[in-house]
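Undergrad: only the shape, not the letters, is given here:
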């Protein structure tokens, strides 16, 4: 799996958009970008994933650059409950079995939403 | 749907003692993972099961760690004997349901070895 680079920490004011960057310059053509977050004392939680098009769901938006070497996770209106560590992971997409399904976590970005 | 269940939630043991953690994945999920998360770091995969078979245990310290998945459902991770550096949160995750590629994680077991 390709390695990712994320800032160690970020702050965001409550109610504002939180933009979390991720660099994945060695991503392969069949690898997707996944985002998970981990709230304190909980297990990681899936947020969103994408291949090359921008994606949006009820939690967040994912913007992937045209060359796919970087992406940004956007939380449109951050709340205090969004304070968490956010992990950007690249992985081969929908496959039935095998070790390629594994998620390899880096250190992530600690997002702190300030009141 | 019910989430991934883990027990116990917390465990404190002395070094050289043994400990076991239990995981019940989401019903129907064929793939089960055990991760170790040391304070301040991201989770690190220890072992991956597909049904009741091991897919990858390359990062499992096999001299002291063992894991099994009975009948392809519940799983147990054991450490014997424990070392101080085994202090961590042990996370279980499962995937393979209708909402694949999501992996669903349990809340973890926090182990402290003193």
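TA: In hand now; what should we look at? For clarity, every value in this text was computed on a predicted model and none was experimentally measured. Numbering: from 1, shown residues only, chains lettered A, B, ... in the order given.

Undergrad: relative to residue B:27, how far out is residue A:58?
TA: From residue A:58 across to residue B:27, the span is 24 Å (C-beta to C-beta, to the nearest Å). Yep, even glycine has a C-beta here, placed from its N, CA and C like the rest.

Undergrad: these two: which is more packed in?
TA: Higher neighbour count among residue A:58 and residue B:27: residue B:27, with 10 against 5, using other C-beta atoms under 10 Å in any protein chain shown.

Undergrad: who's in contact with the one residue sitting closest to the centre of chain B?
TA: Nearest to the geometric centre of chain B sits residue B:34, at 3.1 Å (C-alpha atoms, centre = their mean). When contacts are counted by C-beta atoms under 8 Å, 6 or more residues apart in numbering or on different chains, residue B:34 touches B:23, B:45-47, B:67, B:75, B:77, B:90-92.

Undergrad: could you rerun that using 10 Å?
TA: By C-beta atoms under 10 Å, 6 or more residues apart in numbering or on different chains, the contact set of residue B:34 is B:21, B:23, B:43-49, B:57, B:60, B:65, B:67, B:69, B:75-77, B:90-93.

Undergrad: out of these, which are inside strands?
TA: Residues of the contacts of residue B:34 located in strands (DSSP state E): B:21, B:23, B:44-49, B:65, B:67, B:69, B:75-77, B:90-93.

Undergrad: and those residues near chain A, which?
TA: Filtering the ones in strands among the contacts of residue B:34 for neighbours of chain A using C-beta under 10 Å from any C-beta of the partner chain leaves B:44-45, B:48, B:91-93.

Undergrad: buried subset of those residues?
TA: For these, a burial check counting by 16 or more other C-beta atoms under 10 Å in any protein chain shown picks out B:45, B:48, B:91-93.

Undergrad: make JSON lines from the residues you listed and add pLDDT and distance to residue A:110 to it.
TA: Shown next, in JSON lines, are those (pLDDT from 0 to 100; distance: C-beta to C-beta, whole Å):
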{"residue": "B:45", "pLDDT": "95", "distance to residue A:110": "22"}
{"residue": "B:48", "pLDDT": "93", "distance to residue A:110": "27"}
{"residue": "B:91", "pLDDT": "98", "distance to residue A:110": "18"}
{"residue": "B:92", "pLDDT": "97", "distance to residue A:110": "24"}
{"residue": "B:93", "pLDDT": "96", "distance to residue A:110": "21"}
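
Undergrad: which pair in those spans the largest distance?
TA: Greatest spatial distance in these: B:48 and B:91, 12.8 Å, computed using C-beta to C-beta.

Undergrad: find residues that contact each of these two.
TA: Shared contacts of residue B:48 and residue B:91, counting by C-beta under 10 Å, 6+ apart, come down to B:33-35.

Undergrad: residue B:41 contacts residue A:106, correct?
TA: Yes. Between residue B:41 and residue A:106 there is a contact under C-beta atoms under 10 Å: 9.1 Å.

Undergrad: what touches both of those two?
TA: With contacts defined as C-beta under 10 Å, 6+ apart, no residue is shared by residue B:41 and residue A:106.

Undergrad: re the thing from before, contacting residues around the closest residue to the residue nearest to the centre of chain B other than its chain neighbours?
TA: Sequence neighbours aside, residue B:46 is the residue nearest to residue B:34 in space, at 4.5 Å (criterion: C-beta to C-beta, 6 or more residues apart in numbering or on different chains). Neighbour list for residue B:46: B:33-36, B:56-61, B:65, B:67, B:77, B:90-91 [criterion: C-beta under 10 Å, 6+ apart].
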